[in-house]
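Engineer: pasting the sequence and the predicted model now:
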2 protein chains.
Amino acid sequence: MTGPGPADRPRRRMVLLTEGHCADPVIAKTASCLLRYCPDEVDAILDTTAAGRTAADVLGVGGAIPVIGRLAAAPHATHLVIGIAPPGGRVPDAWRPVLLEALARGMTVVSGLHDFLSDDPEVAAAAARHGARIVDVRRNDERDVASRLGIREECTRILTIGTDCSIGKMVAAVELTRGLGRRGVDAKFVATGQTGIMVEGDGCPIDRVIADFVNGAVEKLVLANQHHDVLVVEGQATITHPRYSGVSLGLLHGAMPHGMILVHEPGRVHHGGLPHVALPSLERVIAAYETMAEFSGGGKVIGVALNTRSLDAAAAAAQRRSVADRLGLPTADPVRDGSDDLVAAVERLHRERRAGTRGGSA
Amino acid sequence: MTGPGPADRPRRRMVLLTEGHCADPVIAKTASCLLRYCPDEVDAILDTTAAGRTAADVLGVGGAIPVIGRLAAAPHATHLVIGIAPPGGRVPDAWRPVLLEALARGMTVVSGLHDFLSDDPEVAAAAARHGARIVDVRRNDERDVASRLGIREECTRILTIGTDCSIGKMVAAVELTRGLGRRGVDAKFVATGQTGIMVEGDGCPIDRVIADFVNGAVEKLVLANQHHDVLVVEGQATITHPRYSGVSLGLLHGAMPHGMILVHEPGRVHHGGLPHVALPSLERVIAAYETMAEFSGGGKVIGVALNTRSLDAAAAAAQRRSVADRLGLPTADPVRDGSDDLVAAVERLHRERRAGTRGGSA
């Protein structure tokens, strides 16, 4: 349930391992998000193929944080974080020496992979030998089913949803939470994936939960955090996804959102890794989510977060206008444009709900 | 992936442990289904609270199969099967002596629970000591994602869906498969739950798969069995269920059904165990399933299987007429009325698809 986070932070100085993939923002999603949201805690990126460059050079975030070629070049680092989702999902054997070296230095090694590092005999033995820690962020033992009881209705729940995987649902959720915070709203980012957990310091890796307990694991996150005024729950995949739709629907019904923010990357026409499966239109994805949300309280899509990282400013602005006109919803790229419009949409919903709730209970 | 099944059958003589629950067809679902579909392999029901009665007496199936009070009363039995889903999902401590006794006799102990018996040190040690086997039917190591590639379109895929859990989706699927077989159709029952796996001898316990791999696990079942003309895939829960909707949607998108059979129990008004959550109407459940099925090929609901076990004959007939009129779909209780109408609906779909497929590829 927990990863290295706020409680750890004074002591966390990270090296992000991205070997060979530091320039790919999809594969290096974890590195990229940690650079964006925790730059003060990152000492370096470790990637022999780009040593000598900077984070800003290779990933567009993280400023002057250096890319290094050897762990020894970051002598004060305390954590080695696997910063990519390696193709195939397994740690390449070529990384073994650097993992062992980090443990030998007493560093904590943090992994978000499905295959747990702590189950690897060689890696586990090295950790034990050196008294070092392995944090497998996806490890969990969730065994509770949802109950729909004890839900605090004064808390407004927002879920970021999307048209595909790796499209910006976590970024949208963090930006929205921070934007709400700047407006004085007591909002909490609820992490549901390994990268979000590394950024926030708590959450649940729901795609790694046993299927029967996904809805329940998400409901537990709601129950644990509903003392805040607004929860912004990180979405996963999409309920239309051939591979992961089950995860996404369990998340929807466990989170019971009052409002949803749809995240899309203009120009993406098929599901990542499935070139034979076309992406449905935004309208169909919205209709599917709103149909299924009727079974968990009836939340609607209240805004669209575009991910325009691959577009120039003019093309991004055109997309933003076009989507806003087409759907009649507040639309922005929260990274490029800021989150004000989406924050306003959430604040409006929260205000209306509070008024309704107070009226109803008066 | 496999449980005790056809390959085992000549050697399988089962005692079904239902201690204290043998008269409840929902809690004793596993016992009830094994009595219904494998009566020749059941030596006895073990339940001290009903010893001396018969299976037909207590569960309405299984004829003269005796209820016994001690394992020794079934001296030729080879398998002790946990025949109920115990409240809380864990084996009560009171059962420990009988499990240990069975292992001491060299019997195979079969469990479909989430908590694996083979992970229980005392039980595992007893098995090792006596050279006896523990089969945890839900144990799996599924790690493949769906690909939507290599699907044989000549094979017609049917999925049983429902308005709730424990409502008859497995029974409907087995009855339909057997009915198709009697009509000379090469049909295969694809088990996706522990009881179905015990009946059929193969399948995958999808509610126990890591969430990310549910769709993929189901797609693998399709790929492994699509040499048959018709697959009848056992449904799980429902996509509108507060607790388990994720499992159900992963199953839908992994199975990619061409047609769905909706299972409902007239009179059920809320989800089992959730008296504060009303069951949606049949129309809403159908609309939700058909909306989500659009993302996996567009299957429609082609028939309704009613579970009228709690009704008398006249009330059951009235329900059957009423639902058929209301939905305009073939409707029957496959246990009470036989499966002919539903079999005909599947045959019609299969014929039309074959004609279409042949036309399309000619």
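Structural biologist: All right, it came through fine.

Engineer: I'd guessed A:Ala172 sits against A:Met260; true?
Structural biologist: No - assessed by Cβ atoms under 8 Å, A:Ala172 is found out of contact with A:Met260, at 10.8 Å. In this view, the C-beta of every residue, glycine as well, is placed from N, C-alpha and C.

Engineer: neighbour count: those two, which is higher?
Structural biologist: Higher neighbour count among A:Ala172 and A:Met260: A:Ala172, with 31 against 25, using other Cβ atoms under 10 Å in any protein chain shown.

Engineer: state the distance from the more buried one to A:Arg129.
Structural biologist: As defined by Cβ to Cβ, to the nearest Å, A:Ala172 lies at a distance of 42 Å from A:Arg129.

Engineer: and the gap between A:Glu219 and chain B?
Structural biologist: Between A:Glu219 and chain B the computed distance is 8 Å (Cβ to the nearest Cβ, to the nearest Å).

Engineer: which element, helix or strand, includes that residue?
Structural biologist: Counting by DSSP states H and E, the element that carries A:Glu219 is helix A:214-225.

Engineer: angle of that helix against helix B:214-225?
Structural biologist: Angle, helix A:214-225 to helix B:214-225, by axes from the mean of the first three to the mean of the last three Cα atoms, to 10 degrees: 180 degrees.

Engineer: circling back to that earlier point, shared neighbours of A:Ala172 and A:Met260, anything?
Structural biologist: Between them, A:Ala172 and A:Met260 share these contacting residues under Cβ atoms under 8 Å, 6 or more residues apart in numbering or on different chains: A:Thr160.

Engineer: how about the CA coordinates for stretch A:142-154, as PDB?
Structural biologist: This file holds the C-alpha atoms of stretch A:142-154, laid out as PDB (Å, rounded to 0.1, in the frame of the first residue of the first chain):
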ATOM      1  CA  GLU A 142      -5.700  -6.800  -0.800                       C
ATOM      2  CA  ARG A 143      -8.500  -9.100   0.300                       C
ATOM      3  CA  ASP A 144     -11.400  -6.900   1.000                       C
ATOM      4  CA  VAL A 145     -14.600  -6.600  -1.100                       C
ATOM      5  CA  ALA A 146     -16.500  -3.400  -1.500                       C
ATOM      6  CA  SER A 147     -19.400  -2.700   0.700                       C
ATOM      7  CA  ARG A 148     -20.800   0.800  -0.400                       C
ATOM      8  CA  LEU A 149     -21.100   1.600   3.300                       C
ATOM      9  CA  GLY A 150     -19.700   4.400   5.400                       C
ATOM     10  CA  ILE A 151     -19.200   6.700   2.400                       C
ATOM     11  CA  ARG A 152     -19.000  10.400   3.300                       C
ATOM     12  CA  GLU A 153     -21.100  12.200   0.800                       C
ATOM     13  CA  GLU A 154     -19.700  15.600   1.600                       C
END
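
Engineer: for that stretch, buried residues please.
Structural biologist: With burial defined by 16 or more other Cβ atoms under 10 Å in any protein chain shown, the residues of stretch A:142-154 counted as buried are A:142, A:145-148.

Engineer: can you tell if it touches chain B?
Structural biologist: Yes - Stretch A:142-154 is in contact with chain B by Cβ under 8 Å from any Cβ of the partner chain, via A:143, A:145-149.

Engineer: output the set of residues of the stretch 201-350 of chain A in proximity to chain B.
Structural biologist: Residues of the stretch 201-350 of chain A lying close to chain B by Cβ under 8 Å from any Cβ are A:206-212, A:214-216, A:239-253, A:274, A:276-277, A:280, A:284, A:287-288, A:291-292, A:294-296.

Engineer: tell me which residue is most central in chain A.
Structural biologist: The geometric centre of chain A, computed from its C-alpha atoms, lies nearest to A:Met170 (Cα atoms, centre = their mean), at 3.3 Å.

Engineer: may I have the secondary structure class of that one?
Structural biologist: What DSSP: H, G, I helix; E, B strand; the rest coil gives for A:Met170 is helix.

Engineer: what's near enough to touch it?
Structural biologist: Listed by Cβ under 8 Å, 6+ apart, the contact partners of A:Met170 are A:33, A:160, A:191, A:193, A:195-196, A:199, A:234-235.

Engineer: what do you get if the cut-off is 10 Å, keeping everything else the same?
Structural biologist: Taking Cβ atoms under 10 Å, 6 or more residues apart in numbering or on different chains as the criterion, A:Met170 is in contact with A:29-30, A:33, A:37, A:160, A:162, A:189, A:191-196, A:199-200, A:234-236, A:263.

Engineer: which ones among these map onto strands?
Structural biologist: Of those, the ones assigned to strands by DSSP state E are A:160, A:162, A:189, A:263.

Engineer: nearest to chain B, of these?
Structural biologist: Of all the ones in strands among the contacts of A:Met170, chain B sits closest to A:Gly162, with 14.1 Å by Cβ to the nearest Cβ.

Engineer: what's the closest non-adjacent residue to that closest one?
Structural biologist: Using Cβ to Cβ, 6 or more residues apart in numbering or on different chains and skipping the chain neighbours, the partner closest in space to A:Gly162 is A:Val263 (4.2 Å).

Engineer: any stretches of the stretch 101-250 of chain A with poor pLDDT?
Structural biologist: For the stretch 101-250 of chain A, no stretch has pLDDT under 70.

Engineer: need the strands for it, in chain order.
Structural biologist: Counting by DSSP state E, counting those that start in this stretch, one finds strands in the stretch 101-250 of chain A at the ranges A:108-111, A:134-136, A:156-162, A:187-190, A:230-233.

Engineer: pick the most buried one from these.
Structural biologist: strand A:156-162 (a mean of 29; mean count of other Cβ atoms under 10 Å in any protein chain shown).

Engineer: report the secondary structure state of A:Asp337.
Structural biologist: Classified using three-state DSSP, A:Asp337 is coil.

Engineer: re earlier: want to throw the residues of stretch A:142-154 next to chain B into JSON lines with distance to B:Pro330?
Structural biologist: JSON lines is the format used below for these (distance: Cβ to Cβ, whole Å):
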{"residue": "A:Arg143", "distance to B:Pro330": "40"}
{"residue": "A:Val145", "distance to B:Pro330": "34"}
{"residue": "A:Ala146", "distance to B:Pro330": "34"}
{"residue": "A:Ser147", "distance to B:Pro330": "36"}
{"residue": "A:Arg148", "distance to B:Pro330": "34"}
{"residue": "A:Leu149", "distance to B:Pro330": "39"}
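
Engineer: from the chain's centroid, how far away is stretch A:137-145?
Structural biologist: Here the centre of stretch A:137-145 is set off from its chain's centre by 17 Å, with Cα atoms, centre = their mean, to the nearest Å.

Engineer: hmm, I was thinking of stretch A:47-67
Structural biologist: Centroid separation for stretch A:47-67 versus its chain: 22 Å, with Cα atoms, centre = their mean.

Engineer: for stretch A:178-185, same thing?
Structural biologist: On Cα atoms, centre = their mean, the centre of stretch A:178-185 falls 19 Å from that of its chain.

Engineer: residues contacting that stretch, please?
Structural biologist: A:37, A:156, A:158, A:177, A:186-189, A:228-230, A:232, A:334, A:338-344, A:346-347, A:350.

Engineer: surely the residue nearest to A:Gly162 touches A:Gly168?
Structural biologist: Yes - at 4.8 Å, A:Val263 and A:Gly168 qualify as touching, with contact defined as Cβ atoms under 10 Å.

Engineer: find the residues that touch each one of these two.
Structural biologist: Going by Cβ under 10 Å, 6+ apart, residues that sit against A:Val263 and also against A:Gly168 are A:160, A:162, A:235, A:305-307, A:333-334.

Engineer: now, among those, which is nearest to B:Ile84?
Structural biologist: Nearest to B:Ile84 among the shared contacts of A:Val263 and A:Gly168 is A:Gly235, at 37.6 Å by Cβ to Cβ.
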